[in-house]
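Undergrad: Pasting the sequence and the predicted coordinates here, then a few questions.
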Amino acid sequence: MNININDDQLKETLKYIVCGGITTAVNLAIFYVLTEMGIYYLLSNIIGYYIAVAINFWMNQIYVFNKKASADALGRLWKFAKLRTLSLIVDSILFFLLVTICGFPTYLCRIILSIIIITVNYFWSKYKIFKNT
């Protein structure tokens, strides 16, 4: 099996990892603060997630995938929002099952699920939302 990765692909992937790391840190920080304030963990997750998604769209649009403001930016935003909402639904269901039903630690589950969601969202973003047309 031969995998060819050029410099541009590597740079894009590294930029996504950095931006994803920043927005994940924002998400986790908001989640932690709200949860520690006594807000139900799933509501804390939703609030932190959407704040991070807003930051993430901007970073992906401009920095990772080098897309300028254009007529199709609104379409990308709509696709991005739909994908991230679907991701949030799947994430919340899994989070609930792991924490409430299975009894796993809340913060550990939040971190593991974040890594999985980031990975899946990268491929969806790259090939469906910010693809070169």
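TA: Perfect, I can see it now. Keep in mind that this is a model prediction, so the values were computed, not measured.

Undergrad: give me the element the residue nearest the centre of the chain is part of.
TA: When Cα atoms, centre = their mean is applied to the chain, the residue found nearest the centroid is Ile118 (4.8 Å). Per DSSP states H and E: Ile118 is located in helix 106-124.

Undergrad: what are the C-alpha coordinates of that helix, in PDB please?
TA: Output of helix 106-124 as PDB, limited to C-alpha atoms (Å, rounded to 0.1, in the frame of the first residue of the first chain):
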ATOM      1  CA  THR A 106     -17.200  12.100  32.600                       C
ATOM      2  CA  TYR A 107     -14.000  14.000  31.700                       C
ATOM      3  CA  LEU A 108     -12.300  10.900  30.300                       C
ATOM      4  CA  CYS A 109     -15.200  10.200  28.000                       C
ATOM      5  CA  ARG A 110     -15.400  13.900  27.000                       C
ATOM      6  CA  ILE A 111     -11.700  13.800  25.900                       C
ATOM      7  CA  ILE A 112     -11.900  10.400  24.100                       C
ATOM      8  CA  LEU A 113     -15.100  11.400  22.200                       C
ATOM      9  CA  SER A 114     -13.600  14.700  21.300                       C
ATOM     10  CA  ILE A 115     -10.700  13.000  19.600                       C
ATOM     11  CA  ILE A 116     -13.000  10.700  17.600                       C
ATOM     12  CA  ILE A 117     -15.300  13.500  16.600                       C
ATOM     13  CA  ILE A 118     -12.400  15.700  15.500                       C
ATOM     14  CA  THR A 119     -11.000  12.900  13.300                       C
ATOM     15  CA  VAL A 120     -14.300  12.200  11.600                       C
ATOM     16  CA  ASN A 121     -15.100  15.900  11.100                       C
ATOM     17  CA  TYR A 122     -11.700  16.500   9.500                       C
ATOM     18  CA  PHE A 123     -12.500  14.200   6.600                       C
ATOM     19  CA  TRP A 124     -16.100  15.500   6.200                       C
END
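
Undergrad: can you map out the helices along the protein?
TA: Shown for the chain, the helices assigned by DSSP state H span residues 7-36, 41-59, 73-96, 106-124.
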